[in-house]
Every structure is written in structure tokens, then in C-alpha cells.
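Peer 1: Okay, sequence plus prediction incoming.
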Amino acid sequence: MKSFISIIISRLTQIEPKKIYIYIIVYFLIGTGMNALGHYAEIAKFNSWWQVLTCYLLYMIPISIILSEHPFIKQYAYGLFFMGILEFSGYAMETSYVYPNNFIENWFGIRNFSLAMTLFLSLYFPVGNLIVNKIFNKIYDKE
């Protein structure tokens, strides 16, 4: 039986380089857009611009690729774990800023902010994979 690490490495090395470029573009645009939206709507934001690179490109892309062979609901379910780690660590290390009295806190309560963000943002993994696959298939005519 293959080890967990060898399965991960195998999955990451099997993906076509052209598809990785699409992942980078899509996740960079989504990350930049969502950070700007969070800042504009005064929900939450990264404290440093480069966090889009570390969170979206270095953390979320490999996880998306690893989860991409699973059905949508499984990607979301596994994504809850990975996004929970990201959300928890971002707020615990204070590398992300939550605007006080934002609409999420007002709607769900201050103690539920991270949970609400995790539940919503876990959709990035299955939705991101859908978007990347659509673009890849459109460009390289694989539909």
C-alpha cells in the first residue's frame, strides 16, 4: 500500500503543467478579488498583500489538485478541514484582520465568524476545480 505522502506527491506530479498555470491565474485572481472585496465590504482582509500568494497559491492550489479527483461534496467536506486550519491560523497569528461589527458577525454572532468563513470558503476547492477544468477544457478542446 502506498504511503500518504507518496500519494500526494504522485497526484501533484501527474497534473499537466498547463493546468497548473491555469490554477495559478484563477486562484490569484480569486484571492486578490476576495481580499479586495473583504476590505471594501469591511468584513476581513489580509494584513499583507503577499498573503494572497501564500494562502491561495502555495496552500490552496496543492490541496485543490489533491482533492480534484473526488466528487464535489467530498472536496467540500475535506476542504472544511483544510480551510478550518487556514482560518484558525490566520486569525490566531493575527495575520488576517476582521473588521469589527461586520455583517457576518452581526448575522451569526462574533463567536461564529471563523466558522461561517470556513463553511463558505471551503467551496473554493470544488468550485475552483470546476472553474480550472472548464477553462482548461475550453482552451485545450478536451470536452
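Peer 2: Okay, I see it. Residues are numbered from 1 along each chain as shown.

Peer 1: Name the next helix or strand downstream of the helix or strand of the chain with the lowest mean pLDDT, please.
Peer 2: When the helices and strands of the chain are scored by mean pLDDT, DSSP states H and E, helix 4-14 comes last with a mean of 80. Helices and strands here follow DSSP states H and E; after helix 4-14, the next one along the chain is helix 17-40.

Peer 1: Mind listing what's buried along that next one?
Peer 2: 19, 22-23, 26-27, 30-31, 34-35, 38 (16 or more other C-beta atoms under 10 Å). Where C-beta positions appear, they are placed from N, C-alpha and C, glycine not excepted.

Peer 1: What of stretch 74-86?
Peer 2: Buried residues in stretch 74-86, counted by 16+ other C-beta under 10 Å: 75-76, 78-80, 82-84, 86.

Peer 1: For this structure, which segments count as strands?
Peer 2: Remark: strands assigned in the chain by DSSP state E are 44-46, 96-98.

Peer 1: Which among these is found nearest to Phe120?
Peer 2: strand 44-46 (11.3 Å; C-beta to C-beta).

Peer 1: what does the closest one contact?
Peer 2: With contact meaning C-beta atoms under 8 Å, 6 or more residues apart in numbering, strand 44-46 is reached by 35, 38-39, 52, 55, 90, 95-99, 102, 117.

Peer 1: Single out the most deeply packed of the strands of the chain.
Peer 2: strand 44-46 (a mean of 21; mean count of other C-beta atoms under 10 Å).

Peer 1: who does that strand pair up with?
Peer 2: Partner strands and pairing direction for strand 44-46 (DSSP bridges) are strand 96-98 (antiparallel).
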